[in-house]
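In: turn this into a structure:
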Amino acid sequence: MASEARIQFQGGERVVTKAPPWHAAVTLDTMFSSLASGTYIVSALLFLIAPFQFGRVCLIGLIIAFPVEVADLIALVADLGDWLRFHHMLRVLKLRSPMSVGAWLTSIFAIFAFFSASGAILILVAGMFFLMLPLRIVAGCGLPFALGVALYKGVLLSSTAQPAWGRMRT
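Out: From the prediction side, this is the model:
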């Protein structure tokens, strides 16, 4: 059976019904969203708390978070199968749907990551240090969305139809 998976354990082998139909795009989506949101959260927090002690490192972190988030969006759209359908997920925000909330959080976080990376590049490359305060405001406003992206994959996995994962609320 194609939807059946087998796992090995010390006493032998066990058949797991309803193996998840995941592939590389889901794994890459999870990895990239964790990397992008984690990098953004740490960089933005340090940039808000101590911009002159950690300024250069934070700016580099904000720059790195954006292309990783773009890679996350590409993996998310590739997971759908038909990339033309992604905008359908953004037509309506359904607060009871982890998929809908996750798509919105990821999209809004990508916008904040873009503006943060643009400001960080302007500060580092062009020396426009007068953008430090606006960048701190943008990074602070992007923090809730980055935290949401970091947390929603766990909610998504806990609300799956997989029997073992659906019961594990922690």
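In: flag every buried residue along the strand or helix carrying Ala110.
Out: Taking DSSP states H and E as the criterion, Ala110 maps to helix 98-126. Buried positions in helix 98-126, judged by neighbour count with 16 or more other Cβ atoms under 10 Å: 98, 100-110, 112-120, 122-123. (Each C-beta comes from the backbone N, C-alpha and C, glycine too.)
In: same deal with stretch 69-76?
Out: The neighbour-count check on stretch 69-76 (16+ other Cβ under 10 Å) flags 69-73, 75-76 as buried.
In: JSON lines for these, including secondary structure, distance to Ser43 and pLDDT?
Out: Output for the buried residues of stretch 69-76, formatted as JSON lines (DSSP: H, G, I helix; E, B strand; the rest coil; distance: Cβ to Cβ, whole Å; pLDDT from 0 to 100):
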{"residue": "Glu69", "secondary structure": "helix", "distance to Ser43": "13", "pLDDT": "96"}
{"residue": "Val70", "secondary structure": "helix", "distance to Ser43": "16", "pLDDT": "95"}
{"residue": "Ala71", "secondary structure": "helix", "distance to Ser43": "17", "pLDDT": "95"}
{"residue": "Asp72", "secondary structure": "helix", "distance to Ser43": "16", "pLDDT": "91"}
{"residue": "Leu73", "secondary structure": "helix", "distance to Ser43": "19", "pLDDT": "89"}
{"residue": "Ala75", "secondary structure": "helix", "distance to Ser43": "22", "pLDDT": "88"}
{"residue": "Leu76", "secondary structure": "helix", "distance to Ser43": "22", "pLDDT": "84"}
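In: which one of those is nearest Cys141?
Out: Among those, Glu69 lies closest to Cys141 (Cβ to Cβ), at 15.6 Å.
In: isn't Leu147 up against Tyr40?
Out: No: using Cβ atoms under 8 Å, Leu147 is not in contact with Tyr40; the gap is 9.4 Å.
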